[in-house]
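Peer 1: Please find the sequence and the predicted model below.
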Amino acid sequence: MSTTTQAASAPAATTTAAKPKLKTSAMIASFADPGQKTSSAPFGHALVKAAQENDKIVGLTADLGKYTDMHIFAKAFPERFFQMGMAEQLLFGAAAGLAETGLVPFASTYSVFAARRAYDFLCLDAAEPNLNVNIVGGLPGLTTGYGPSHQATEDMAIFRGMPNLTIVDPCDSIDIEQAVPQLAAADGPTYLRLLRGNVPTVLDEYDYTFELGKAKVLRGGNDVVFISSGLMTMRALQAAKALAAHNVDVAVVHTPTIKPFDAETVLKEINTDRLAVTLENHSVVGGLFETVASAVVTAGVGKRVVPVALPDQFLDAGALPTLHDRYGLAVDRIVAKVLAELS
């Protein structure tokens, strides 16, 4: 933040102007590139649209409506919105109770609170009876600069072991908009790694449609195949274009559903002589890389897979561009890693 001072000849009482108000905070900082096409609050608007078509959809949050885009639903359907306060266990318990009555709840909080604080309630109240409870987790992975208390770098690792739970890691606004009605219609509980605020719009250029449980080949390539999820699919596509300048031809396979995992599509792309790289906004432990590695080993495919992922450690606080570069999620870092592997 900067201040503006008037000329030295101005009266002393007016030498310093008011500090400009920040438009956002490190908590909800955007990872969109400058000038990139974005869509505002795609989850909130998609939930409103789905609720207009399905009167059983309700929304809940744990004092985080504005920061999970649930406030848009609350404004459109105040009679179908429930503010549970800062009590995530209560949030999930209430959502399960609403689902027991035949309603379709979407419950939003930060991913760290969903995964670390309220796991048992989601597991026993929603997953064990296989209820249609849809958990919406904000700030997944490295999408905030606030440090380990808010960076959900291990949420997929925590949730992958929960029976009946579907896990979705969307790339952009297209993924989110198309996923919401499918999650509402799906059997059992779901967990959506939410991208909120001004979310990049990327997949509209690739003749893409979201299908729950399916991976999609976005582009072909002869030298390298990227298997990616979440915002790292955007980075994978950017890195593929950058690598073309080095005469490296890169395919990109987007896997928005982490569980159940579309091993058939992914293994078909991996079982070639191309360099295989996974890219994820999550710890290298327990996320997409280990999901892919497990599928490779189970199928008996003799293939090395290179991970681009967050390290198995608590991360620093700071500005997102700095942190993404530091921990290897930036496009330049991806390009350098691939070139080193090919050299």
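Peer 2: Okay, I see it.

Peer 1: In space, what's closest to the residue nearest to the spatial centre of the chain - neighbours in sequence excluded?
Peer 2: Residue closest to the mean C-alpha point of the chain, counted by Cα atoms, centre = their mean, is residue 193 at 4.0 Å. Of all residues not flanking residue 193 in the chain, residue 140 sits nearest, at 3.8 Å (Cβ to Cβ, 6 or more residues apart in numbering). The C-beta positions use only the backbone N, C-alpha and C, and glycine is treated the same way.

Peer 1: can you pull up the bridge partners for that neighbour?
Peer 2: With beta bridges defined as DSSP bridges, residue 140 has these partners: residue 152.

Peer 1: what's the burial count for it?
Peer 2: 28 (other Cβ atoms under 10 Å).

Peer 1: Tally up the residues packed near the residue nearest to residue 238 when sequence neighbours are not counted, please.
Peer 2: The shortest distance from residue 238 to any non-neighbouring residue, by Cβ to Cβ, 6+ apart, is to residue 331 (4.7 Å). By the criterion of other Cβ under 10 Å, residue 331 has 20 neighbours.

Peer 1: show me what contacts residue 94?
Peer 2: 60, 82, 84, 105, 107 (Cβ atoms under 8 Å, 6 or more residues apart in numbering).

Peer 1: what does residue 53 give?
Peer 2: Applying Cβ under 8 Å, 6+ apart to residue 53 gives the contacts residue 181.

Peer 1: begin at 5 from here
Peer 2: Done: numbering now begins at 5, and the last item shifts to residue 57.

Peer 1: domains for the protein, by residue range?
Peer 2: Annotated domains of the chain cover 42-204, 217-346 [the TED database].

Peer 1: just to revisit the earlier point, and the residue nearest to the centre of the chain, what are its phi and psi?
Peer 2: phi -80, psi 100 (degrees, to the nearest 10).

Peer 1: what's the spacing between it and residue 231?
Peer 2: Remark: distance between residue 197 and residue 231 (Cβ to Cβ, to the nearest Å) = 17 Å.

Peer 1: got it, and residue 279?
Peer 2: Look at residue 279 and residue 231: by Cβ to Cβ, they are 11 Å apart.

Peer 1: picking up where we left off before, correct me, but the residue nearest to residue 197 touches residue 163?
Peer 2: No. Look at residue 144 against residue 163 with Cβ atoms under 8 Å: they stay out of range, at 10.9 Å.

Peer 1: ok, back up a step: just checking, the residue nearest to residue 242 touches residue 244?
Peer 2: No. If you go by Cβ under 8 Å, residue 335 and residue 244 don't touch, sitting 9.8 Å apart.

Peer 1: show me where pLDDT drops low in the protein?
Peer 2: In the predicted model of the chain, residues 5-33 satisfy pLDDT under 70.

Peer 1: Show me where it has its strands.
Peer 2: Applying DSSP state E to the chain gives strands spanning 42-44, 61-65, 85-87, 108-114, 138-142, 170-172, 194-197, 202-204, 220-223, 228-232, 254-258, 261-263, 279-287, 309-314.

Peer 1: Which one of those strands lies nearest to residue 121?
Peer 2: In terms of Cβ to Cβ, the element of these nearest to residue 121 is strand 108-114, at 8.6 Å.

Peer 1: And for residue 110, the neighbour number?
Peer 2: Neighbours of residue 110 under the rule other Cβ under 10 Å: 26.

Peer 1: residues in contact with it?
Peer 2: Applying Cβ under 8 Å, 6+ apart, the residues near residue 110 are 51, 61-64, 74, 77, 138, 140, 184, 187-188.

Peer 1: what's the closest of the residues you listed to residue 149?
Peer 2: So of those, ranked by how close each gets to residue 149 (Cβ to Cβ), first place is residue 140, at 21.2 Å.

Peer 1: how about the nearest residue to residue 167 once chain neighbours are set aside, what does it touch?
Peer 2: Spatial nearest neighbour of residue 167, chain neighbours left out: residue 131 (6.2 Å); criterion: Cβ to Cβ, 6+ apart. For residue 131, the contact set (Cβ under 8 Å, 6+ apart) comprises 166-169, 192-193.

Peer 1: got a winner among those residues for most neighbours?
Peer 2: Neighbour counts for the contacts of residue 131 peak at residue 193, which has 30 neighbours (criterion: other Cβ under 10 Å).

Peer 1: hang on, isn't it packed against residue 127?
Peer 2: No. Residue 193 lies out of contact with residue 127 (Cβ under 8 Å); the separation is 9.2 Å.

Peer 1: what residues does stretch 163-171 touch?
Peer 2: 119, 123, 126-127, 131-132, 134, 160, 187, 190, 192-195, 197, 216-217, 261-264, 290-291, 295.

Peer 1: What's the PyMOL line that selects buried ones from these?
Peer 2: This is the PyMOL syntax for the buried subset of the contacts of stretch 163-171, where burial follows 16 or more other Cβ atoms under 10 Å:
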select buried, resi 119+123+126+127+131+160+187+190+192+193+194+195+197+216+261+262+263+290+291+295
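
Peer 1: Many thanks, we can stop here.
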